[in-house]
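[1] Requesting a structural model of the entry that follows:
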Amino acid sequence: MEELCGDRVFRFFGDVFNLEREALRSEADPASLVISDEGEWFPPVEPDDSFSLDALIRRHQETFPALPAAHLRELIKNPEAAAFVKAGMSQELPLANFYGSNLLDRFLSDGISGNQLARELMKEFAKPSIFIKHYLEGNPKAQKVFNVLPRLEQNLHGKLVQAQESIKPHVKFVLGLEQEVVKAVRRYVKNLSLVDSSASYLGVDELPTHLQQSLEHNRFVKEIPALSTHFNLLTAYLRDLIYPSPVLPEIKESDAGDILHATYLPYVDIYRTDGRFGALLNGIPKPSTVKVVPKLHQLPKAIEERLAER
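    Below is the predicted model:
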């Protein structure tokens, strides 16, 4: 991943909708906020007191109560202090490029804040080659970050299963009616708007009225590309889920992940997915520049064609 992408990544999909709304308010290019050139793919890190110079001095005062805080502050600013701290840290917490930099020196000399240091530490902690090693070795911080991802998917999967279970009796009832009625219900479902636009994570109620109306009509909205793609895909998926049929589609555990990952579709040239989601994504409005590739063996040709256009 690092060889292919370097530090160019998409930000955590839980933040993408907020970032697009922020871009809309500031009239910025949403891609400039959704894409990170500094490897910040991870969920936001809540600042805490552990990355504070004052907290560091307080902890040292507990160890050396006879030393005044002012004296400790001067000692900490000594370049040898940073070298001593980094020597111990590099063994306990392997990081990508942190120990060869002057970040800790700048923090100890009041050159950067604790929040800035924490953010930079997280970048080096979250490099794929470092992060996965921490995760597999049971590092609690790595597991905490990583476990945010399946929780979101499990939550969405549970809601999808609940929605299908609640509709099954109604589908059974409809299928027992006259054929003309069944056809009418199927036509109705095909055009039904099923996504609750008031869902807090979407933040649709914060959008201008004309954009809300565009979403309700299942249009691709270039001002909020990821949000409109997610909205339209979820609608298409739910329609498919409750379409009156003797056998309703299976809800796979991976479906929630496929829905969430499609958040990034409008920001890429080629989007690779499996057959079912390939059909769903090809059936919703999206930028003409994005090619959906439903089969793995089609991917090399799609890449070559896109390269030839350049």
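
[2] Show me the shaky parts of the stretch 1-150 of the chain.
    Scanning the stretch 1-150 of the chain for pLDDT under 70 picks out 44-57, 59-64, 66-69, 71-78, 81-82, 85-86, 88, 91-92.

[3] Helices of that one, start to end?
    Assigned by DSSP state H, counting those that start in this stretch, the helices in the stretch 1-150 of the chain fall at 2-5, 13-26, 30-34, 53-63, 69-77, 79-92, 103-108, 114-125, 128-136, 140-175.

[4] what's the most buried one of the ones you listed?
    Most buried of the helices of the stretch 1-150 of the chain, by mean neighbour count (mean count of other C-beta atoms under 10 Å): helix 103-108, with a mean of 20. Every C-beta, even on glycine, is put in place using the N, C-alpha and C of the backbone.

[5] For that helix, name the packing helices and strands.
    helix 79-92, helix 114-125 (3 or more C-beta pairs under 8 Å, 6 or more residues apart in numbering; DSSP states H and E).

[6] Could you say which one of those comes nearest to Arg306?
    Nearest to Arg306, of all the helices and strands packed on helix 103-108, is helix 114-125, at 29.7 Å by C-beta to C-beta.

[7] Using the three-state scheme, assign Val292.
    strand (DSSP: H, G, I helix; E, B strand; the rest coil).

[8] rewinding a little: relative to Thr289, which of the helices of the stretch 1-150 of the chain is closest?
    The nearest among the helices of the stretch 1-150 of the chain, by C-beta to C-beta, is helix 30-34 at 12.4 Å.

[9] Pull the distance from that closest one to the chain's centre.
    Distance of helix 30-34 from the chain centroid (C-alpha atoms, centre = their mean, to the nearest Å) equals 13 Å.

[10] How about residues contacting it?
    Helix 30-34 has contacts (C-beta atoms under 8 Å, 6 or more residues apart in numbering) with 10-11, 16, 19-20, 22-24, 223-226, 264, 267.

[11] Next: stretch 202-216.
    17-18, 21, 24, 193, 195, 197-198, 221, 223-224, 227-228, 230-231.

[12] Could I get the helices of the stretch 1-150 of the chain in CSV, plus columns for distance to Asp240?
    What follows is those, written out as CSV (distance: least, C-beta to C-beta, whole Å):
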stretch, distance to Asp240
helix 2-5, 32
helix 13-26, 22
helix 30-34, 27
helix 53-63, 53
helix 69-77, 60
helix 79-92, 50
helix 103-108, 49
helix 114-125, 38
helix 128-136, 34
helix 140-175, 10
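
[13] just so I know, which of the ones you listed lies nearest Val247?
    helix 140-175 (10.2 Å).

[14] Tyr201: how many residues sit nearby?
    11 (other C-beta atoms under 10 Å).

[15] where does Asn218 land in three-state SS?
    coil.

[16] Now for it, how many residues are close by?
    Neighbour count of Asn218, defined by other C-beta under 10 Å: 16.

[17] Please look at it and Leu234 and confirm they touch.
    No. In this structure, Asn218 is not within contact of Leu234 by C-beta atoms under 8 Å, at 10.5 Å.

[18] quick one on the thing from earlier: tell me which of the helices of the stretch 1-150 of the chain sits nearest to Arg272.
    The nearest among these, by C-beta to C-beta, is helix 2-5 at 13.7 Å.
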